[in-house]
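J.: got a sequence here, can you model it:
(one chain, ligands or ions: 1)
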Amino acid sequence: MAFTITKAVIPAAGLGTRFLPATKAMPKEMLPVVDKPAIQYVVEEAVAAGLTDVLMITGRNKNALENHFDRVGELEATLLMKGDIERLRKVNYATDLAEVHYVRQGDPKGLGHAVLRARMHVGHEPFAVLLGDDIIDERDVLLSRMLEEQGKRNATIVALLEVDPAQVHMYGIATVEPTDDDDVVCITGLVEKPSREKALSNYAIIGRYVLQPEIFDILEHTPAGKGGEIQLTDALQTLAANPSIAGGVYGVVFRGRRYDTGDRLDYIKAIVQLAVDRDDLGPDLRPWLKDFAKNLE
Ligand code: G1P
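T.: Purely as a prediction, here's the structure:
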């Protein structure tokens, strides 16, 4: 019988230097995307896929994250007193969303190192990793499809997106072979952030992974790679090259809507894209945007 995966690991220890000074005293994961912090979208996605046990790998300066998923007695009492039930519902929703645990990364030695910090919590079972910079539109399916494939293949599953070849240097890039499933590929090799010239494809890893527990032993022995950091991509490459260890690595090719909140321009685009589709903001924002765009010409 397939194992039911319940644990999600969310690395959130990055310094957010691209957003300074906004991130001087606040974690980048708390930056609002419309009216919700970016991290809440990611936790909501995990919960929607059935993952109710969330472990965040945090660092210094991340108290706001813990506060966001905790009760705020004073605020709740004030909203209740005012009879503002709608806002109270929003506040409580974030609190009750999931069982959230925290562990600190300590030294910022890279994504692979952050994932290794989840070992004690995860134990010997498959688990998901969600990176906070990527927001997947809730109307499109990705994580539950990946979990389904993990159950079927008992292998490591990563999310892939075909990107513009000019962008391959920003991602882990996979060499792939087709499978019988139209949206699933077998990954034969992975390289972290290759140059455009060296990239063997334009299949980029986006921040969703379903990992086998064997990844921990591999990460323990993975030397520092690109940027002097322990790279998750390098550990996945070891698994892809040795399918006998844990069933190999497969990619679910995502063709839906994904928003990148990792850099300033993409962050602005994400906010606009999400806001125009909202019932409460879209009807006013759309005509304003059209008008605004006209004046840019
Ligand atoms: C990380 C991974 C990279 C992956 C990317 C997806 O890079 O190292 O392999 O493609 O996330 O967003 P980062 O964006 O943290 O530099």
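J.: wait, Arg119 touches Phe216, no?
T.: Yes: the criterion here is CB atoms under 8 Å, and Arg119 meets it with Phe216 at 4.7 Å. Every C-beta, even on glycine, is put in place using the N, C-alpha and C of the backbone.
J.: what residues does the residue of the chain positioned farthest from its centre make contact with?
T.: Here the chain reaches farthest from its C-alpha mean at Met81, the gap being 36.9 Å by CA atoms, centre = their mean. Listed by CB atoms under 8 Å, 6 or more residues apart in numbering, Met81 has no contact partners.
J.: swap in Gly189?
T.: Gly189 makes contacts with Ala174, Thr175, Leu200, Gln237, Ala240, Ala241, as judged by CB under 8 Å, 6+ apart.
J.: quick check: phi and psi on the last one?
T.: For Ala241, the backbone dihedrals (degrees, to the nearest 10) come out as phi -80, psi -20.
J.: what's the neighbour count on it?
T.: Per other CB atoms under 10 Å, the neighbour tally for Ala241 reads 13.
J.: kindly report the same for the fourth one.
T.: Here the number of neighbours of Gln237 (other CB under 10 Å) works out to 24.
J.: ok, now which ones touch Ile252?
T.: One correction, residue 252 is Val, not Ile. Going by CB under 8 Å, 6+ apart, Val252 touches Leu142, Arg145, Met146, Glu149, Ile157, Val158, Ala159, Leu160, Asp183, Val184.
J.: once you drop chain neighbours, what's closest to it?
T.: The shortest distance from Val252 to any non-neighbouring residue, by CB to CB, 6 or more residues apart in numbering, is to Met146 (5.0 Å).
J.: sticking with that neighbour, tell me its helix or strand.
T.: Met146 is part of helix 143-153, with elements assigned from DSSP states H and E.
J.: please list all residues in contact with Ile157.
T.: Residues in contact with Ile157, defined by CB under 8 Å, 6+ apart, are Met146, Leu147, Glu149, Gln150, Tyr209, Val210, Val249, Tyr250, Gly251, Val252.
J.: grab the nearest non-local neighbour of the third one.
T.: Nearest residue to Glu149, sequence neighbours excluded (CB to CB, 6+ apart): Ile157, at 5.0 Å.
J.: and what of the fourth one?
T.: Counting by CB to CB, 6+ apart, Gln150 lies nearest to Val210, which is 4.4 Å off, once chain neighbours are set aside.
J.: and the one you found, how far from the ligand?
T.: To the ligand, Val210 is 15 Å away according to CB to the nearest ligand atom, to the nearest Å.
J.: Leu211 too?
T.: Using CB to the nearest ligand atom, Leu211 is found at 13 Å from the ligand.
J.: quickly list what that residue is bridged to.
T.: Phe127 (DSSP bridges).
J.: was I right about it contacting Phe127?
T.: Yes: under the criterion of CB under 8 Å, Leu211 makes contact with Phe127 at 6.0 Å.
J.: quick check: residues of the protein near the ligand?
T.: 111, 131, 133-134, 171-172, 192, 204-207, 231-233, 262 (CB under 6 Å from any ligand atom).
J.: mind listing what's buried along stretch 72-82?
T.: Buried residues in stretch 72-82, counted by 16 or more other CB atoms under 10 Å: Leu79.
J.: for it, list the C-alpha coordinates in PDB.
T.: This file holds the C-alpha atoms of stretch 72-82, laid out as PDB (Å, rounded to 0.1, in the frame of the first residue of the first chain):
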ATOM      1  CA  VAL A  72      -2.900  37.100  18.500                       C
ATOM      2  CA  GLY A  73      -5.200  37.500  21.500                       C
ATOM      3  CA  GLU A  74      -5.400  41.300  21.500                       C
ATOM      4  CA  LEU A  75      -6.200  41.600  17.800                       C
ATOM      5  CA  GLU A  76      -8.700  38.800  18.000                       C
ATOM      6  CA  ALA A  77     -10.500  40.500  21.000                       C
ATOM      7  CA  THR A  78     -10.600  43.900  19.300                       C
ATOM      8  CA  LEU A  79     -12.000  42.500  16.100                       C
ATOM      9  CA  LEU A  80     -14.600  40.500  18.000                       C
ATOM     10  CA  MET A  81     -15.600  43.600  20.000                       C
ATOM     11  CA  LYS A  82     -16.100  45.600  16.800                       C
END
